Each structure stands twice: as C-alpha cells, then as structure tokens.
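Q: Mind looking at a prediction? Sequence and model below.
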Amino acid sequence: MISEERLINFCRALSDAVRSGLPLNSAFETLAKSRKHGRLIARAAALTSGGAMMHEALAAQGGFPPVFLALLRAGEESGKTVEFLDLYADCLDVRLEFGRRIRRAMLYPAVAVLAAAGLFVFFLFVALPAITEPLREAGGGDAGPAWALAAAAWLKANWPLALVSAIAAFLLVRSSLRSALGRKALSLAGHWLPGFRFALSQGRLSQTYTTIGLLLKAGLPLGTLMEVMIQFAQDDPVDRRRFARAADLFAAGKGFTESMAPLMPEEDAQGLEMAEKAGWLDDTMLRLGKAAQARHLHRLKILTNVFKIGVIAALAPACFLLIFLMLKQVFAALGASGAGGGARAQGETVSYQPPPVALPAASGTDAEAETAAFNRSQGARIAGMMGSPAGGSSGARSSLPRLRPISGGARTGSFGGRLNSGGIRPTGVQPTDVTR
C-alpha cells in the first residue's frame with residue numbers, strides 16, 4: 001500500500017498539472033515520466049493511453065486505497081476530477097496532522113517510560129553484577145536473586161542476539177499493525193474492548209465526520225457519498241456494515257440524518273438533524289469532526305499520563321524489591337564471613353598462645369628471714385632518727401639526721417600537762433638544728 005505522504009504528493013502534482021492547462025491524460029502521462037512518480041503509475045499510464053479510465057488504471061496498478069479510487073471514479077463521472085483530487089489531499093492532510101498531534105502527545109510519556117525501563121535494566125544488568133562480583137570473589141556467595149544474576153550473565157554474554165531480537169520483534173509488531181488484518185483487528189478492538197473503545201472511538205468519529213464534511217463541500221451526491229464511505233471503512237468491518245445499512249436506508253427514502261444515526265452518538269445526531277433542515281450539513285459535519293478530534297486528544301492525554309504513572313509505579317517497587325533482596329543477601333554474606341573470620345581468629349589465638357611461665361615457689365623459712373632482716377634494718381633507721389640507743393650499740397652512729405635536744409628543762413604541753421618522753425619534748429618545740 002502506498003504511503004499517505006506519497007499519495008498526497010501525487011494528488012497535488014496531478015491537480016497542479018491539470019490546472020496548468022494540460023489535459024488529464026497528458027498530465028497523467030507526464031507524471032509517469034518523472035523520477036518521483038514514475039514507478040508509482042507507470043503501468044496505469046500505459047493503460048490510460050490505451051483508453052482506460054483513470055480509476056480503473058490505478059486499480060490495476062495496485063497499491064492505492066479503495067476510498068481514493070472511489071473518489072476518483074466519482075470525480076471522473078461528474079467531471080470534477082481535479083476538485084476531488086484536492087479534496088482527497090485535504091482529507092489526508094487532516095489525518096496526517098491528527099497523527100502528528102497524537103505522536104507529539106505521546107512523546108513525553110514514551111521518553112519517561114523508556115528512561116525508567118533503562119534505569120531498571122542498568123541496575124539489573126550493570127550495578128547488580130558490579131556489587132555482587134567482589135562478594136563472590138571473597139567467598140561470600142551470591143548476593144542477589146538467582147534469576148536476576150542468571151539474566152545478567154546471559155545478557156552480558158548474548159547482548160548482540162538480544163538487541164537483534166528486540167529490533168526484529170518491534171518491526172514485526174509494526175508491520176502486523178500496518179497490515180490489513182492488523183488494521184481490522186485494531187478496529188474491532190476499538191468497538192468491543194472497553195479500553196480500546198475509550199481510546200479510539202472519538203478518533204474514528206473525527207475521521208468519519210471530517211471525510212463526510214469534505215465530500216459534502218465538494219458537492220458529491222449523497223448516494224455516491226454513501227458508496228465512498230463504504231470504501232472508506234474497508235478496514236473496519238463494523239463501520240462498513242453500518243455504512244452499508246445506511247446506504248440501504250437512504251436508498252429506501254430515509255433522510256440523511258436518519259440513515260447515519262446508528263453511526264454517531266445521540267447528541268451528534270440531534271445536531272445533524274437540525275443542520276440538515278437548515279441546509280448546513282457540510283459545515284456541521286466539519287464542526288463535529290473538530291470537536292471529536294479535541295475529545296480524542298484529551299482522552300489520549302489522560303491515557304498516556306495514566307500509562308506513564310502506572311509504568312513508573314510498577315518499576316519503582318520492582319527496583320526497591322531488587323535492592324532489598326540484594327542488600328539482605330549482602331548483609332547475610334558479610335555476617336557469615338565475619339562470624340567465620342572471628343572463629344578462625346579465636347582458634348589461632350588458642351592454638352599458638354604459649355603457656356604462662358610458672359613462678360618459683362618461695363620457701364617459708366627464707367621469707368621469714370628476709371622479713372625479719374627488713375624489720376630490723378628499718379627499726380634501726382627509725383631509732384637513729386629518734387636518738388634512741390635501742391636501735392643498736394651506743395658506739396654505732398646512724399647515717400640518718402639526728403635531732404639535738406634543746407636545753408631548758410621540761411616544757412608544758414598544749415593542755416598544760418607535763419610531758420616526759422625521755423629527753424625529747426614533742427610539744428611546744430622550737431626550731432632546732434639538724435646535725436649529723
């Protein structure tokens with residue numbers, strides 16, 4: 001299928017060529033010779049030069065959406081091919097701008113989620129092995145969840161394979177969603193699943209209302225408009241069936257609003273009924289399309305914020321849980337290592353400590369003799385200090401200082417009593433000379 005950007009360029013180029021004065025077939029053949037559009041319409045140009053209608057030639061070429069072929073057919077039958085080419089280019093511009101606004105709204109949540117996931121992966125596969133490696137080398141065991149360590153080791157050994165697998169999975173999911181089956185599955189999910197219905201319903205209404213409004217602006221008859229909208233809803237089985245039923249009702253003589261009522265909410269149908277009576281269907285449909293687009297963007301902002309908060313709230317406990325498990329096992333390993341080291345140190349002290357040296361037991365007789373000699377020597381020294389002859393012979397002279405008695409007879413003590421201490425008067429003593 002041709003991309004919407006290339007289809008817009010083709011419609012604008014063909015419309016400009018016709019406005020320049022070239023006949024439609026000549027303009028088509030001229031574009032077929034260009035480098036930009038040659039491969040796109042080479043076969044179709046050959047068919048149109050042979051007399052085929054343009055929509056038939058492009059259908060045989062392949063790659064063009066059915067709604068474009070239906071619009072081109074309506075333009076050729078009514079003689080307004082250029083107007084319908086401009087109309088379809090405007091429709092695609094609206095869709096592309098809508099997609100750009102959605103991508104801009106989802107950019108920040110996507111970056112936040114990727115940053116949180118990157119931190120989680122960094123902790124799991126870089127920080128955790130860096131912390132646990134020294135413990136394993138020290139014999140402390142594995143500190144961390146076994147599955148996390150195994151995943152980190154596998155990713156470290158097979159990171160090229162993991163990167164290629166992730167890229168391949170992303171491309172596979174992207175191509176699946178862009179395929180016809182993927183688009184139909186997504187459309188059915190938007191009708192039946194509550195979360196998808198909340199996210200996609202207003203966007204689907206915005207595209208439907210805008211396309212109908214532009215077709216009405218171009219002056220397309222309502223019967224032909226129903227056929228074009230059936231082709232427009234080719235990727236949505238539910239809307240396709242509803243448009244087919246609306247075409248049958250309109251062919252049976254029902255009004256446009258009554259035929260389209262099953263395709264829109266009740267409040268929109270009421271406004272469309274009044275617009276049909278006033279003759280403002282085209283402007284009303286465009287206004288409803290803008291309102292649905294605003295509601296769709298608002299819902300997308302809500303969903304992206306909820307998604308961002310949910311992912312961060314889920315990753316934060318997971319990171320804290322991993323940190324807790326890691327620290328728990330780290331402390332357990334350190335405690336076991338400390339207990340083992342203490343036991344080894346205690347065993348080494350007991351094993352290599354020399355026995356205490358035994359002191360010789362003293363004899364009872366020698367101790368008594370030494371004590372007696374010490375008492376005698378000290379007694380002699382004291383006696384020499386006091387001037388008493390009791391410490392030894394009268395001819396022996398002590399080496400300690402000796403007090404010289406003061407003449408003058410007995411002195412009275414401090415309490416009036418007479419003291420007699422053998423020539424020495426300890427109370428009321430005046431300064432004396434110390435002689436050897």
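A: Okay, I see it.
Q: Could you chop this structure up by domain?
A: Domain assignment for the chain, taken from the TED database, gives 4-64, 89-144+179-336.
Q: Reformat those as JSON lines; add mean pLDDT, distance to Glu77 and mean neighbour count.
A: Every residue, glycine included, has its C-beta placed from N, CA and C. JSON lines is the format used below for those (pLDDT from 0 to 100; distance: least, Cβ to Cβ, whole Å; neighbours: other Cβ atoms under 10 Å):
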{"stretch": "domain 4-64", "mean pLDDT": "80", "distance to Glu77": "9", "mean neighbour count": "16"}
{"stretch": "domain 89-144+179-336", "mean pLDDT": "81", "distance to Glu77": "8", "mean neighbour count": "16"}
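Q: May I have the phi/psi pair for Ala52?
A: phi -80, psi 150 (degrees, to the nearest 10).
Q: what sits against it?
A: By Cβ atoms under 8 Å, 6 or more residues apart in numbering, the residues touching Ala52 are Ala60.
Q: gap between the residue nearest the centre of the chain and Phe122?
A: Taking Cα atoms, centre = their mean, the centroid of the chain lies closest to Ala116, which sits 1.2 Å from it. Distance from Ala116 to Phe122, counting by Cβ to Cβ, to the nearest Å: 11 Å.
Q: related to what we said a few turns ago, can you classify the residue nearest to the centre of the chain as helix, strand or coil?
A: helix (DSSP: H, G, I helix; E, B strand; the rest coil).
Q: thinking again about what came up before, got CSV for the domains of the chain, with distance to Arg376 too?
A: Below are these laid out as CSV (distance: least, Cβ to Cβ, whole Å):
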stretch, distance to Arg376
domain 4-64, 127
domain 89-144+179-336, 67
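Q: out of these, nearest to Glu370?
A: domain 89-144+179-336 (58.0 Å; Cβ to Cβ).
Q: For the strand or helix carrying Phe68, which helices and strands make contact with it?
A: Phe68 belongs to helix 66-78 when elements are defined using DSSP states H and E. Applying 3 or more Cβ pairs under 8 Å, 6 or more residues apart in numbering; DSSP states H and E, one finds that helix 66-78 contacts helix 54-61, helix 81-122, helix 222-232.
Q: how far out from the middle of the chain is stretch 298-318?
A: For stretch 298-318, the separation from the chain centroid amounts to 10 Å (computed by Cα atoms, centre = their mean, to the nearest Å).
Q: Now do the helices in the stretch 201-350 of the chain.
A: Secondary structure of the stretch 201-350 of the chain (DSSP state H, counting those that start in this stretch): helices located at 222-232, 237-251, 256-260, 266-278, 281-352.
Q: who does the first one touch, helix- and strand-wise?
A: Looking back up the chat, that one is helix 222-232. Helix 222-232 packs on helix 66-78, helix 194-217, helix 237-251, going by 3+ Cβ pairs under 8 Å, 6+ apart.
Q: Give me the contacts around that helix.
A: So helix 222-232 is contacted by 66-67, 69-71, 74, 208, 211-212, 215-216, 220, 240, 243-244, 246-247, 250-251, 256, 259 (Cβ under 8 Å, 6+ apart).
Q: residue contacts, Met264?
A: Residues in contact with Met264 (Cβ under 8 Å, 6+ apart) are Leu205, Thr208, Tyr209, Leu272, Leu288.
Q: backbone phi and psi for it, please?
A: Main-chain dihedrals, Met264, degrees, to the nearest 10: phi -140, psi 160.
Q: repeat for Lys36
A: phi -80, psi -40.
Q: quick one: the nearest residue to it once chain neighbours are set aside and Phe28, what's the gap?
A: Setting aside the residues directly before and after it, Lys36 is nearest to Asn9 in space (Cβ to Cβ, 6 or more residues apart in numbering), at 7.3 Å. Separation of Asn9 from Phe28 (Cβ to Cβ): 15 Å.
Q: now Asp239
A: Separation of Asp239 from Phe28 (Cβ to Cβ): 32 Å.
Q: cool, and Val228?
A: 21 Å.
Q: And Val238, by the same measure?
A: Using Cβ to Cβ, we find Val238 at a distance of 36 Å from Phe28.
Q: starting at the chain centroid, how far to stretch 151-166?
A: That offset, for stretch 151-166, works out to 20 Å (Cα atoms, centre = their mean).
Q: Rebuild the helices and strands packed on helix 222-232 as JSON lines, extending it with distance to Ala367.
A: Shown next, in JSON lines, are those (distance: least, Cβ to Cβ, whole Å):
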{"stretch": "helix 66-78", "distance to Ala367": "126"}
{"stretch": "helix 194-217", "distance to Ala367": "103"}
{"stretch": "helix 237-251", "distance to Ala367": "119"}
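Q: Give me the contacts around stretch 106-123.
A: Here stretch 106-123 makes contact (Cβ under 8 Å, 6+ apart) with 300, 304-305, 307-308, 311-312, 315-316, 318-319, 322-323.
Q: got JSON lines for the residues you listed, with distance to Phe374 too?
A: Putting the contacts of stretch 106-123 into JSON lines (distance: Cβ to Cβ, whole Å) gives the following:
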{"residue": "Leu300", "distance to Phe374": "108"}
{"residue": "Thr304", "distance to Phe374": "102"}
{"residue": "Asn305", "distance to Phe374": "99"}
{"residue": "Phe307", "distance to Phe374": "99"}
{"residue": "Lys308", "distance to Phe374": "96"}
{"residue": "Val311", "distance to Phe374": "93"}
{"residue": "Ile312", "distance to Phe374": "89"}
{"residue": "Leu315", "distance to Phe374": "87"}
{"residue": "Ala316", "distance to Phe374": "84"}
{"residue": "Ala318", "distance to Phe374": "84"}
{"residue": "Cys319", "distance to Phe374": "81"}
{"residue": "Leu322", "distance to Phe374": "79"}
{"residue": "Ile323", "distance to Phe374": "75"}
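Q: out of the residues you listed, who's nearest Glu266?
A: Nearest to Glu266, judged by Cβ to Cβ, of those is Leu300 at 23.6 Å.
Q: wait, what's in contact with Leu69?
A: Applying Cβ under 8 Å, 6+ apart, the residues near Leu69 are His55, Leu58, Ala59, Gln231.
Q: Distance-wise, check the third one relative to Leu47.
A: In this structure, Ala59 and Leu47 are separated by 10 Å, where distance is defined by Cβ to Cβ.
Q: just the first one next, same as before
A: Relative to Leu47, His55 is positioned 11 Å away (Cβ to Cβ).
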